[in-house]
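Chemist: here is a sequence together with a model predicted from it:
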Amino acid sequence: MNETLLAFLQNAIGPGTLKIKRVQLWDLYSRVPVYLDADLASKPWTLFNYAAKGPAVNAVNGVATSPPYKPTPADTNIDSPNNNPYDMFVHGLAMDWQNVQGTPGTVGAANDMAQWPTLKQALLLDTFAQLTLNDTDVDKLTMIDAPAAGGVVGFGAFGTSAALTTGASMQSASNGAPDAGNFRNYFNEGPFYIEKNSTITMTGVFGNSLLTANFSYKPAATLAPTVFLRADLKGMRIWGI
């Protein structure tokens, strides 16, 4: 087949007409560590403002003796701060609180996981978020309004029989039912296109009720963080020719 005919066929139908080589499912995600042993009320937070394998990230409510938190690809898949690395078509948003504590904690103490689900409910209801693309506000919402698909739901008991006498230590709880299609869906409200190298940021503040007086679960800020606030922009990455 001669080159002229091949070029015509490649550009006559399908993705070639749009000069697109490939469209691929690709989500942008970012999370920040949060300590719970000081009031969160009215304090700010920011996501998508750091890069994987970059400088240490400032934890919310961190203190001078908090261990520095070095981000990894598990924390974000952005390679440069505030920067969208690809042309993307964004169709949804998912947000959740993650707890990576691997033990049940001491029964009745500040790191007893049995106390986590009740606190997580308050965190979901009293966390405000604002998504900004370049200088345009894309969305404003409370965290409960952006369910995180596929999260663990329910609970599991672990630890000794003594731990179970005060209630099974909770494994996790999800923001929304664990369904792959359960997220804040922009298809009906208007999906949006992000050009490569656009500035993308998510900021927010915590509500008035998030006081340590209302917390039972609050691991110390001098330990490695176990609680993270996470956002996930669900979209399609566009590879141009």
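Modeler: That came in fine, so what should we check first?

Chemist: can you name the element that comes right after the least confident helix or strand in the chain by mean pLDDT?
Modeler: Ranked by mean pLDDT, DSSP states H and E, the weakest helix or strand in the chain is helix 161-165, scoring a mean of 50. Reading on from helix 161-165 to the C-terminus, the next helix or strand found by DSSP states H and E is strand 184-185.

Chemist: so Phe89 sits against Glu195, correct?
Modeler: No. Using C-beta atoms under 8 Å, Phe89 makes no contact with Glu195, being 10.9 Å away. Where you see a C-beta, it was placed from the backbone N, CA and C, and this is true even at glycine.

Chemist: okay, those two: which has more neighbours?
Modeler: A count of neighbours by other C-beta atoms under 10 Å puts Phe89 above the other of Phe89 and Glu195, at 15 against 12.

Chemist: where does the more buried one land in three-state SS?
Modeler: Assigned by DSSP: H, G, I helix; E, B strand; the rest coil, the conformation of Phe89 is strand.

Chemist: quick one: contacts for it?
Modeler: For Phe89, the contact set (C-beta atoms under 8 Å, 6 or more residues apart in numbering) comprises 23, 191-194, 235-236, 238.

Chemist: CA atoms of the strand or helix carrying Trp239 as PDB?
Modeler: Here Trp239 sits within strand 227-240, counting by DSSP H and E. Output in PDB follows, covering the C-alpha atoms of strand 227-240 (Å, rounded to 0.1, in the frame of the first residue of the first chain):
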ATOM      1  CA  VAL A 227      -5.200   9.500  58.000                       C
ATOM      2  CA  PHE A 228      -5.300  11.100  54.500                       C
ATOM      3  CA  LEU A 229      -7.800  13.300  52.700                       C
ATOM      4  CA  ARG A 230      -7.900  12.200  49.000                       C
ATOM      5  CA  ALA A 231      -9.400  13.500  45.800                       C
ATOM      6  CA  ASP A 232      -9.500  11.800  42.400                       C
ATOM      7  CA  LEU A 233     -10.400  13.500  39.100                       C
ATOM      8  CA  LYS A 234     -11.800  10.800  36.900                       C
ATOM      9  CA  GLY A 235     -11.200  11.300  33.300                       C
ATOM     10  CA  MET A 236      -9.700  10.300  29.900                       C
ATOM     11  CA  ARG A 237      -6.100  11.000  28.900                       C
ATOM     12  CA  ILE A 238      -5.700  12.200  25.300                       C
ATOM     13  CA  TRP A 239      -2.600  11.300  23.400                       C
ATOM     14  CA  GLY A 240      -2.100  13.600  20.500                       C
END
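
Chemist: to the chain's geometric centre, what's the distance from it?
Modeler: 9 Å (C-alpha atoms, centre = their mean, to the nearest Å).

Chemist: show me the contact partners of stretch 79-87.
Modeler: Under C-beta under 8 Å, 6+ apart, the answer for stretch 79-87 is 26, 28, 48-52, 54, 78, 193-201, 237-240.
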